[in-house]
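Enquirer: sequence-free structure coming up:
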């Protein structure tokens, strides 16, 4: 793979798998992946020969590297190692909220989950590095999805234009 994502995208992929947010449609060569807060759904597609993957998640679409939805699909397809025990430790993490709180410092967000949950840091890091090394060795191309990334829904009470003046 030409351009690698931050390693912390592996942890986000584990959460998607542990939460059951990845819905594969292998006959259609696509999967739907819900965001950690449930506000968005991303579409991951792949070529018939498995050499090209695309997604409309922000990381894949704008940065050109495999975002967590692509990584989660690759894990479920058996193309990347998946330590289910470690992945399950990352269930029910709202990465949207964490990444905002830590101002996109993904390493700090992961550290906070590991510390708050009392996880075995060495075990988590070993599993993440194993998946990350395998990702780097995969001979696949990553392309932006044909659809733009979905927008977050507006918070309740927010309107786009002021009513009456």
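Expert: Noted; the coordinates are in hand. Because the structure is a prediction, the values reported are computed rather than measured.
Enquirer: grab the nearest non-local neighbour of the residue nearest in space to the middle of the chain.
Expert: Nearest to the mean C-alpha position of the chain, by CA atoms, centre = their mean, lies residue 68 at 1.9 Å. Nearest residue to residue 68 in three dimensions, chain neighbours excluded: residue 12, at 3.7 Å (CB to CB, 6 or more residues apart in numbering). C-beta: built from backbone N, CA, C; applies to glycine.
Enquirer: what's the pLDDT at the one you found?
Expert: pLDDT for residue 12: 98.
Enquirer: give the other helices and strands that the host helix or strand of it contacts.
Expert: Assigned by DSSP states H and E, residue 12 belongs to helix 8-18. If contacts are counted by 3 or more CB pairs under 8 Å, 6 or more residues apart in numbering; DSSP states H and E, helix 8-18 sits against helix 68-76, helix 84-88, helix 106-117, helix 121-137.
Enquirer: can you redo these as TSV with mean pLDDT and distance to residue 61?
Expert: Below are the helices and strands packed on helix 8-18 laid out as TSV (pLDDT from 0 to 100; distance: least, CB to CB, whole Å):
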stretch	mean pLDDT	distance to residue 61
helix 68-76	99	11
helix 84-88	98	24
helix 106-117	98	17
helix 121-137	98	18
